[in-house]
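Asks: Whatever this is, show me its structure:
(one chain, ligands or ions: 2)
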Amino acid sequence: MHAFSSHPLRTIGGFECLLCGGMAAPGKTICLPCKSELPHLNHACPTCAQPMPASHACPRCLRHPPPFQHCRAIFHYRGAIRHQIHRLKYHNDLAAAGLLGNLMADTLGGRRPEMPECLIPVPLHPTRLRQRGYNQAVEMGRPISRRLDLPMDLSRVHRIRPTESQQKLSAAARRKNVRGAFQVLAKPPYGHIALLDDVMTTGATTAELAHCLSKAGVRRIELWVCARAANP
Ligand SMILES: [Zn+2]
Ligand SMILES: [Zn+2]
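Replies: Ligands and ions are numbered 1, 2, ... in the order given. Predicted coordinates:
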């Protein structure tokens, strides 16, 4: 039996921590102990968000500046965050999207002097979209869009080529794997956008999409990702 299944407050309902099932304060989605254990990414390369001992440019970005100007990654890809992303991507748990999107909005909101004009979630190929039933980046984007008052543009870019999973590929193979994967359908009327994705590892996918949007005339492109896995 699950440790919390006989918790008396479950029946009263409402404020149950979405991570541990324990009791959360009224109106909160997670409890204080879970909140304090979230793997926030505090020091990273400002360009690609590669975790670093201090916040300065990583050697890779110094050698080859990527086709985007800034990456904001909220968490390390581990612990409860990794677990929730797995729930969202492989177990049809849409509630995880709301939780992760709201946790991102908690950190993203109110801090930025200059906000992008819109949010573009990294699109899935139609075949993958049919298999999963939803695009996890779009679902995570909903609470961010609402709370930061930032429109999501879902019609501008499409994934026109299915790509094999990037998980077991080297950095160079990842770049090759995603080349030509995206198409920008109409000239974007934006000067500054944020691309949104769930996890970033080498950034090959988002870099390819940023490259397409930059060629289409978007001058300032940043990435917002929920979790950053360290580059191998
Ligand atoms: Zn908890
Ligand atoms: Zn970097």
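Asks: For the protein, which segments count as helices?
Replies: In chain order, the chain shows helices spanning 8-12, 32-36, 59-63, 79-90, 95-108, 126-132, 136-148, 171-178, 204-215, with DSSP state H as the criterion.
Asks: Out of those helices, flag the one nearest ligand 1.
Replies: Comparison of these against ligand 1 by CB to the ion identifies helix 32-36 as nearest, at 3.2 Å. Every C-beta, even on glycine, is put in place using the N, C-alpha and C of the backbone.
Asks: is ligand 1 contacted by that closest one?
Replies: Yes: with CB under 5 Å from the ion as the criterion, ligand 1 is reached by helix 32-36 at residue 34.
Asks: change the start of the numbering to 878 and stick with it
Replies: Yep, numbering from 878; the last one is helix 909-913 now.
Asks: buried residues in that helix?
Replies: 911-912 (16 or more other CB atoms under 10 Å).
Asks: what's in contact with that helix?
Replies: If you take CB atoms under 8 Å, 6 or more residues apart in numbering as the criterion, helix 909-913 is touched by 894, 896-897, 899, 902, 905, 957.
Asks: switch to 7 Å and redo it
Replies: Outside of helix 909-913, the residues within contact range by CB atoms under 7 Å, 6 or more residues apart in numbering are 894, 896-897, 957.
Asks: of these, closest to ligand 2?
Replies: Closest to ligand 2, out of all of the contacts of helix 909-913 and judged by CB to the ion, is residue 957, at 25.5 Å.
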